[in-house]
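Student: Dropping the sequence and predicted coords here.
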Amino acid sequence: MSSLNLSALALVHKLTSDYEKYGVIVDKSSLGTTIIDAGIKARGGFLAGQMVTEICLGGYGQTKILPMQYGDAVFPSIYVQTDYPALSTLASQFAGWRIKVENYSAIGSGPARAIALKPKKLYRKLNYQENPESAVLVLETSEKPPKEVIQKISEACNVSPANLFLILVPTSCIAGSIQVSGRIVETGLHKLEKLGLDPNVVEYAWGYAPIIPLHPKFDEAMGRTNDAILYGGTAYFIVDYERDDELEEIVKRAPSSASRFLQEAKELAKKSPRFLDIFKEAGFDFYEIDPDIFAPARIIVNNLRSGKLFRAGSLEVDTLKSSFGL
C-alpha cells in the first residue's frame, strides 16, 4: 500500500492541472509551497468539493453527489465509501490538527496529519505513521496562511516547504460545505472508537449526509453543516467483532441522539436544538460543547462473524428542515 500522502498527491496534481474545471486558484507561496484556494476567492463548486473530500480521505475513499429524499424535502447529498475506514478517515480525514499562530487559526485535516502525528494518541492506536517527501494538508479557513504558519506546518511534517501542498476551503462555500458533510463516515467511526470499538476491526464503511443550502454568515453555515450530520447523516460499518452483545451496546450509544445533552435539551424544549443554538449557549466555544453529540443521526453496523445487523438513531427531518430554513 502506498502512503496516504502520495495517494492524495495524485489527486492534488489532478486538481491543479485542471484548475479551471474545478474552479480553484493555484498559487505558490514565497517559500515555494503550493496553495490551492477552493473557495476563499476561488469559485469552487461541487467538483472541487468532491475532490477535496477525496483528498482528505488520502485517496482511499470515493464520493458521489446525488439527490436524496429527507421526508418531503430533497437535498443534494454526498455519499462516501471506503474499503479502508480506519486509514482513510481517522488517520487522514479527521480534523485533528488545530493550527494557531498569533492571529491566524485553521483546522487541519488530511494525510499530512499522519506525518506530524496529530494527535499522537490516535496514531498509537492505529499503529500508523508515514514519512514521505511530500505532505498534503486541507485547511478549513477563510484566510491564506502567512509565512510563519507554512513554516510551522512544514517543520511538523519534516518536509521542505516546496514539497508542502495546502488546500484552503472555508465552511461557507460550496466546496467547504461538501467536505464537511463528507465527514459522515469519519464522524461515525470516531464516535465508535470513543465508545471502545477498535477501529482496526472495521473492514468497510459507507455513509451519506445532505449538503447544506449555503448561507453568507459563517455561524449559520457552520451550524447547518453540523446539523447535516447530527440530524441528517447515516453511517454504515461492516466489522469483524467477536461478541454481538458488546457490539450492540456500543451501537446503541453511538448516534447523536444518544447524547445525554441532546436528550435533556430535547426534553426541555420539546424539540431537538439546532447546532447554532447549542453553539451560542456554549459562548461560541467548541470546547464547552458535549463531545458526545458529534455523531451521525443514524448508525448501522453489520457484524461479519454473525451476520447480524445493529441499528441505532434516526433522521430528524423537522430539525434538519428548520436548520436549513424550510
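Tutor: Everything's here; your move. Residues are numbered from 1 along each chain as shown.
Student: Might you calculate how far stretch 181-190 sits from the centre of the chain?
Tutor: Centroid displacement of stretch 181-190 relative to its chain, using C-alpha atoms, centre = their mean, to the nearest Å, is 6 Å.
Student: residues making contact with that stretch?
Tutor: The set of residues external to stretch 181-190 that reach it, using C-beta atoms under 8 Å, 6 or more residues apart in numbering, is 49-50, 53, 56, 61, 63, 77-78, 80-82, 85-86, 89-90, 93-95, 199, 202, 205-212, 225, 228-229, 233-235, 237, 254, 294-296, 299. (Each C-beta comes from the backbone N, C-alpha and C, glycine too.)
Student: Show me those that map onto helices.
Tutor: Among these, the members falling in helices (DSSP state H) are 49-50, 53, 56, 85, 225, 228-229.
Student: Between these, which sits nearest residue 146?
Tutor: Taking C-beta to C-beta as the measure, residue 146 lies nearest residue 56 of those, at 23.0 Å.
Student: Tell me who's in contact with the closest one.
Tutor: 92-93, 109-110, 138, 179, 182-183.
Student: Any idea how far apart the tips of stretch 90-109 sit?
Tutor: By C-alpha to C-alpha, to the nearest Å, the extent of stretch 90-109 from end to end equals 10 Å.
Student: Please identify the buried residues of that stretch?
Tutor: For stretch 90-109, burial by neighbour count (16 or more other C-beta atoms under 10 Å) applies to 90-97, 99, 101, 104, 106-109.
Student: Residue ranges in this protein under the pLDDT threshold?
Tutor: 1 (pLDDT under 70).
Student: Who are the contact partners of the residue lying closest to residue 109 once chain neighbours are set aside?
Tutor: With sequence-adjacent residues excluded and distances taken as C-beta to C-beta, 6 or more residues apart in numbering, residue 109 is closest to residue 95, at 4.3 Å. Neighbour list for residue 95: 107-109, 140, 183 [criterion: C-beta under 8 Å, 6+ apart].
Student: what's the answer for residue 227, then?
Tutor: Residue 227 touches 212, 274-276, 319-320, 323-324, counting by C-beta under 8 Å, 6+ apart.
Student: I'd like to know the beta-bridge partner residues of residue 168.
Tutor: Residue 168 has these beta-bridge partners by DSSP bridges: residue 37, residue 139.
Student: ok, now how distant is it from residue 89?
Tutor: 21 Å (C-beta to C-beta, to the nearest Å).
Student: What of residue 74?
Tutor: Plainly put, residue 74 is 27 Å away from residue 89 if you go by C-beta to C-beta.
Student: Pick out whichever of those two has more residues nearby.
Tutor: Applying other C-beta atoms under 10 Å to residue 74 and residue 89 shows that residue 89 carries more neighbours, namely 30 against 11.
Student: nearest residue to the more buried one other than its sequence neighbours?
Tutor: In space, residue 89 is closest to residue 186, 3.6 Å off (C-beta to C-beta, 6+ apart).
Student: Just the CA trace of the host helix or strand of the one you found, in PDB.
Tutor: Assessed by DSSP states H and E, residue 186 sits inside helix 184-194. Only the C-alpha atoms of helix 184-194 are listed here, as PDB (Å, rounded to 0.1, in the frame of the first residue of the first chain):
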ATOM      1  CA  ILE A 184     -20.100  11.400   7.800                       C
ATOM      2  CA  VAL A 185     -18.200   8.100   7.900                       C
ATOM      3  CA  GLU A 186     -15.300   9.600   9.900                       C
ATOM      4  CA  THR A 187     -17.700  11.200  12.400                       C
ATOM      5  CA  GLY A 188     -19.400   7.800  13.000                       C
ATOM      6  CA  LEU A 189     -16.100   5.900  13.300                       C
ATOM      7  CA  HIS A 190     -14.600   8.400  15.600                       C
ATOM      8  CA  LYS A 191     -17.700   8.100  17.900                       C
ATOM      9  CA  LEU A 192     -17.500   4.300  17.800                       C
ATOM     10  CA  GLU A 193     -13.800   4.500  18.700                       C
ATOM     11  CA  LYS A 194     -14.500   6.800  21.600                       C
END
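Student: Take the ones in helices among the contacts of stretch 181-190 and lay them out in TSV including distance to residue 13.
Tutor: Below are these laid out as TSV (distance: C-beta to C-beta, whole Å):
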residue	distance to residue 13
49	18
50	16
53	17
56	16
85	25
225	28
228	30
229	30
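Student: With respect to residue 191, which of those is nearest?
Tutor: Here the nearest of these to residue 191, counting by C-beta to C-beta, is residue 229; it sits at 10.5 Å.
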